[in-house]
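K.L.:
Sequence and predicted model, in that order:
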Amino acid sequence: MGGDAFDSMIHVHQVTKLEKQGASGGVWKFQCNLCSETRQGSYSRVRAHLLGIKVGLLCDRQKMKHLEEAYEEKKAESNAKEVALLCEAGVGFKKRKGSSTPIERAFGVEIRDQLDQEIARMFYTGGLPFNLARNPHYLRAFQFAAANKIDGYVPPGYNKLRTTLLQKEKDNVHRQLEPLRSTWKEKGVTIVSDGWSDPTRKPLINFMATSGNGPLFLKAVNCFGEVKDRFFIADLMKEVINEIGHQNVVQIITDNAANCKAAGQLIESQFPHIYWTPCVVHTLNLAVKNICSPNNVETNALAYEQCSWIKDVHGDALAIKNFIMNHNMRLSIFSKFTPLRLLSVADTRFASIIVMLKRLKLIKTGLQAMVISEEWSSYRDDDTVKANFVKEKIVNDEWWDKVSYILSFTGPIYEMIRACDTDKPCLHLVYEMWDSMIEKVKIEIYKKEKRSTSQKSLFYDVVHGILEARWAKNNTPLHCLAHSLNPRFYSDAWLLEDSTRNAPHRDAEISQERTKCFRRLFPNDDDHSKVLNEYAMFSMKSGFFSDLTSILMMGTMEPKSWWVNFGAQTPFLQTLAFRLLGQPSSSFCAERNWSTYAFIHSLRRNKLTTSRAQDLVYIHNNLRLLSTNPNDDVKMWDVGGDAFDSMEDVGFLEFADLSLDEPEFENDLITDN
């Protein structure tokens, strides 16, 4: 081919052959008729000279072309073999022409069945959870495709999904959240913050903004390599406050960790109208741990003496659970007697001890039937000592009485935890809830001890002391001010329910803390004087509040609605009521958001960059806020997937991670069986 090509070049007078180098098979020496240069080489070198292509580059291009052709050939050969669907294989289908009925052709029965099988195969091969089929956006996508004829449509590919479309959706969600953000000026907003580590062990701190309308995810900050001291956390808080607008922020809620508390104090010094508030759920959880797992130290001797039996009962419960769960044969026998699972909840979960004992009591009948069954007796176990111990505890009514007693007096604490673990506003109810919870605990303990309320109970005194100590750490002036602005607590109906109740303006502790709040929130002397006068009229039901309708509605109307109708003449108090009566008291939304984060940035998706994972969480969390009707009790299709359905009687609360101010709890592994 080279000789013929050379001759064609000579024919068009591009080169002139001079002489051949070598007797046979050698290269020609030639002269270019265009530039008169003399060269030697083959056709490729002559062609490269005439076209102005460097020889090395030509060789590289040729190599690249060969590599590309080889790759395409290999790619074509390595394509996965198409496996026929059930309908394509002809199994169970009539394939002869005209064999289907007119009705089947009219409704496209075979086509619909084939599409069902294609979608099912996508689920099976992609490892998608069946819970995805409940996602309303999954249904809308296929309904839209069915309703619109889109010839040649190809679904978005890998890169488009994670770049262009992701950014467009984030921008769209951000725009649709603007109406909610516009309410923050009047209603106020709470910033909630919490820490977590992603699957790649990068420490993250997330920030959410929440008010009566629900929680809005703001961002998650990657703190890898940073010292998370009070100054670092305070700087992050300041950034978020400035983004939202400091005039809109009412409080910041974090857990009770020392660095978070110190950071909150720094924020309060710079923004006097913003309060740092510890999460009431974390506080209650720590109180439960102090009661049910007391430390055996000198300073805690009395509490350990009175409460160590609870720790022993919990230890027995763990031993029963571990004995059954750690052997497949024992677990197999157990599953025949009860459909519910035994839960293993680590100490870093909310009210873990109560959750464990609740589940054991729920399956008590099944456990007792199991250990007295013939199958359990005939099973030869190598650890007979533990087997006898487990059987002895399960059939022991006295032991179950202790379990019931623990659940009875910790029940009010657990109820308050559940009441505060939502996004609903309850800042103004915490004070009342805490007092009511302590009273219920007292009733349960005195009932068990068969004492009259006038008698002394050492056990109750210890429990009461623990709860009071935790309340002293949790209580802030903001709780007292919010409590003071709830008109229900001034109504005769509420006051007459219990003779020991006092209206907020007659309670010394509440009045003292409320006064601190007024001075701090209204530094101007004139404003301070006005708000004091307004509160005096409100609390005494005089002046603008002497109207009979307003007094009658105090005990029945929703607090914010009452202020809308009757508070216009007292603008300072009305503004405070709008802002405080719509705020939460816990960091529940942040805890839930980490579950969303873990759902998205899982071990199977650990290559997601921090920024892309944040964008996905931003879209996921805020789309849920935009699309959920607060009056509807819908399935949590967005978090937990198929696993959530199997929890049955256990709510979301028990599966939220904690970051406590007690280091021994922070390092525990979280295990759920």
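P.N.:
Cool, got the structure.

K.L.:
so where is the stretch 151-300 of the chain shaky, pLDDT-wise?
P.N.:
Where the stretch 151-300 of the chain drops to pLDDT under 70, the residues are 198-200.

K.L.:
how does it look with 80?
P.N.:
Within the stretch 151-300 of the chain, the stretches falling below the threshold (pLDDT under 80) are 196-202, 212-214.

K.L.:
what about Lys473, which helix or strand?
P.N.:
helix 458-474 (DSSP states H and E).

K.L.:
which element follows that helix toward the C-terminus?
P.N.:
Under the assignment DSSP H and E, the closest C-terminal helix or strand after helix 458-474 is helix 477-484.

K.L.:
How about Ala262: what's its closest non-neighbour residue?
P.N.:
Excluding the flanking residues, the one nearest Ala262 by C-beta to C-beta, 6 or more residues apart in numbering is Arg230, at 3.6 Å. In this view, the C-beta of every residue, glycine as well, is placed from N, C-alpha and C.

K.L.:
Would you check that the one you found makes contact with Ile267?
P.N.:
No. Taking contacts as C-beta atoms under 8 Å, Arg230 lies outside contact range of Ile267: 10.0 Å.

K.L.:
ok so, going back, how many residues are close by the residue nearest to Ala262?
P.N.:
Using other C-beta atoms under 10 Å, Arg230 has 17 neighbouring residues.

K.L.:
List the contacts of it.
P.N.:
When contacts are counted by C-beta atoms under 8 Å, 6 or more residues apart in numbering, Arg230 touches Asn259, Ala262, Ala263, Gln265, Leu266.

K.L.:
let's see it at 6 Å
P.N.:
Taking C-beta atoms under 6 Å, 6 or more residues apart in numbering, we find Arg230 in contact with Asn259, Ala262, Ala263.

K.L.:
Could you report the separation of the second one from Met237?
P.N.:
Looking back up the chat, that one is Ala262. According to C-beta to C-beta, to the nearest Å, Ala262 and Met237 sit 12 Å apart.

K.L.:
quick one, which of those two is more surrounded?
P.N.:
More neighbours surround Met237 than the other of Ala262 and Met237, with 26 against 15 (other C-beta under 10 Å).

K.L.:
ok, the more buried one to Met122 distance?
P.N.:
Met237 is 44 Å from Met122, by C-beta to C-beta.

K.L.:
next one: Leu132
P.N.:
10 Å.

K.L.:
With Thr164 instead?
P.N.:
22 Å.

K.L.:
go on, Asn148?
P.N.:
21 Å.

K.L.:
Mind checking which of the two has more residues around it?
P.N.:
Remark: of Asn148 and Met122, Met122 carries more neighbours, 11 against 8, as counted by other C-beta under 10 Å.

K.L.:
For the host helix or strand of the more buried one, output the C-alpha coordinates as CSV.
P.N.:
Assigned by DSSP H and E, Met122 falls within helix 109-126. The C-alpha trace of helix 109-126 is given here as CSV (Å, rounded to 0.1, in the frame of the first residue of the first chain):
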residue,chain,number,x,y,z
VAL,A,109,-52.8,-6.1,29.4
GLU,A,110,-49.6,-7.7,28.0
ILE,A,111,-47.8,-4.3,27.7
ARG,A,112,-48.8,-3.4,31.3
ASP,A,113,-47.6,-6.7,32.6
GLN,A,114,-44.3,-6.3,30.8
LEU,A,115,-43.8,-2.8,32.3
ASP,A,116,-44.6,-4.2,35.7
GLN,A,117,-41.9,-6.8,35.2
GLU,A,118,-39.4,-4.2,34.0
ILE,A,119,-40.0,-2.0,37.1
ALA,A,120,-39.8,-5.0,39.4
ARG,A,121,-36.5,-6.1,37.9
MET,A,122,-35.1,-2.5,38.5
PHE,A,123,-36.0,-2.9,42.2
TYR,A,124,-34.4,-6.4,42.4
THR,A,125,-31.2,-5.6,40.6
GLY,A,126,-30.7,-2.2,42.1
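
K.L.:
pLDDT of that helix, averaged?
P.N.:
The average pLDDT within helix 109-126 is 87.

K.L.:
what sits up against it?
P.N.:
Residues from elsewhere that reach helix 109-126 (C-beta under 6 Å, 6+ apart): Leu85, Leu86, Cys87.

K.L.:
returning to that earlier point: what lies in contact with the helix holding Lys473?
P.N.:
Applying C-beta under 6 Å, 6+ apart, the external contacts of helix 458-474 come out as Pro278, Val280, Thr283, Ala287, Asn290, Ile291, Ala303, Gln306, Trp434, Ile438, Lys442, Ile445.

K.L.:
One more: stretch 495-505?
P.N.:
His483, Ser484, Phe489, Tyr490, Ile510, Ser539.

K.L.:
cool, stretch 547-560 as well?
P.N.:
Asn486, Pro487, Arg488, Tyr490, Ser491, Ala493, Trp494, Lys541, Trp562, Phe566, Leu581.

K.L.:
In strands, which of the residues you listed fall?
P.N.:
Counted as lying in strands by DSSP state E, out of the contacts of stretch 547-560, is not a single one.
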